[in-house]
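Colleague: Quick one: sequence plus predicted model below, questions after.
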Amino acid sequence: DTGVSQNPRHKITKRGQNVTFRCDPISEHNRLYWYRQTLGQGPEFLTYFQNEAQLEKSRLLSDRFSAERPKGSFSTLEIQRTEQGDSAMYLCASSFFGPAYEQYFGPGTRLTVT
Amino acid sequence: SQQGEEDPQALSIQEGENATMNCSYKTSINNLQWYRQNSGRGLVHLILIRSNEREKHSGRLRVTLDTSKKSSSLLITASRAADTASYFCATDPNTDKLIFGTGTRLQVFP
């Protein structure tokens, strides 16, 4: 399968714990995006990379969130000191560079903070 | 924040009927895309229409774009039970990231 993959698919954690998610994009794509989706809403942009450079971060991405894309391949999204409000689906997408390229989404990681 | 809104929020139809969903957005765009999401799953890209295009077809899908009204519509013809999903429009407002609408939940009954 050459699509976007995300791990884990589900994560249950207690409030205050740190969690890390991984995204493996389509190998030819140089753009990688992270979105967050809560129940009944559309995905909301968090951040994106072009190769290894993080080009933009949303104001939704508080100091507890950090994302990396070492070597311009896979990416990780870490949430420190999780809060119940962090419970959501975290979606990763990749694309070619440019304004008119579709984004290919992974299956998402569903985070539940108890 | 969401860029736009889909209308209706929910739509129920019988198999074989057509389904029309509308999307309104707020700022100028490079392109507009439609995605489908099955319950609890990732998004699947359906179609992309550029800001200088007015209509585009892909199989049973027809998308229109009216930049003067900042609106788009997605028509699914001869719907099938497998079309049951949430449908989102997403715009690229000159920022290289997608801004999604709130979605239309489509239910197609066999």
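Modeller: Thanks, I have the structure now.

Colleague: is the residue nearest to residue A:8 when sequence neighbours are not counted in a bridge, and if so with what?
Modeller: Closest residue to residue A:8 apart from its sequence neighbours, by C-beta to C-beta, 6 or more residues apart in numbering or on different chains: residue A:109 at 6.0 Å. For glycine as for every other residue, the C-beta is placed from the backbone atoms N, C-alpha and C. According to DSSP bridges, the partner residues bridging residue A:109 are residue A:90.

Colleague: Could you pull up the residues touching residue A:109?
Modeller: By C-beta atoms under 8 Å, 6 or more residues apart in numbering or on different chains, residue A:109 lies in contact with A:6-11, A:21, A:89-90.

Colleague: and the residues you listed, which are buried?
Modeller: With burial judged by 16 or more other C-beta atoms under 10 Å in any protein chain shown, the buried subset of those is A:6, A:11, A:21, A:89-90.

Colleague: with the residues you listed in mind, which one is nearest to residue B:68?
Modeller: Among the buried ones among the contacts of residue A:109, residue A:89 lies closest to residue B:68 (C-beta to C-beta), at 34.8 Å.

Colleague: hang on, the earlier thing: tell me which two in the contacts of residue A:109 are the farthest apart.
Modeller: Using C-beta to C-beta, the two most remote members of those are A:7 and A:89, lying 14.0 Å apart.

Colleague: who touches the residue of chain B found nearest chain A in this structure?
Modeller: Scanning chain B for the residue nearest chain A gives residue B:100, at 3.3 Å (criterion: C-beta to the nearest C-beta). In this structure, residue B:100 makes contact with A:35, A:42-44, B:2-3, B:35, B:88-90, judged by C-beta under 8 Å, 6+ apart.

Colleague: what's the closest non-adjacent residue to it?
Modeller: Nearest one to residue B:100, counting by C-beta to C-beta, 6+ apart, is residue A:42 at 3.3 Å.

Colleague: Which secondary structure element is home to the closest residue to chain B within chain A?
Modeller: Per C-beta to the nearest C-beta, residue A:42 is where chain A lies closest to chain B, at 3.3 Å. Take DSSP states H and E as the rule and residue A:42 turns out to sit in neither a helix nor a strand.

Colleague: Tell me the confidence at it?
Modeller: For residue A:42, the model assigns a pLDDT of 92.

Colleague: Against residue B:91, how distant is it?
Modeller: Shown here: residue A:42 relative to residue B:91, a distance of 11 Å by C-beta to C-beta, to the nearest Å.

Colleague: Over to residue A:44?
Modeller: Distance from residue A:44 to residue B:91, by C-beta to C-beta: 13 Å.
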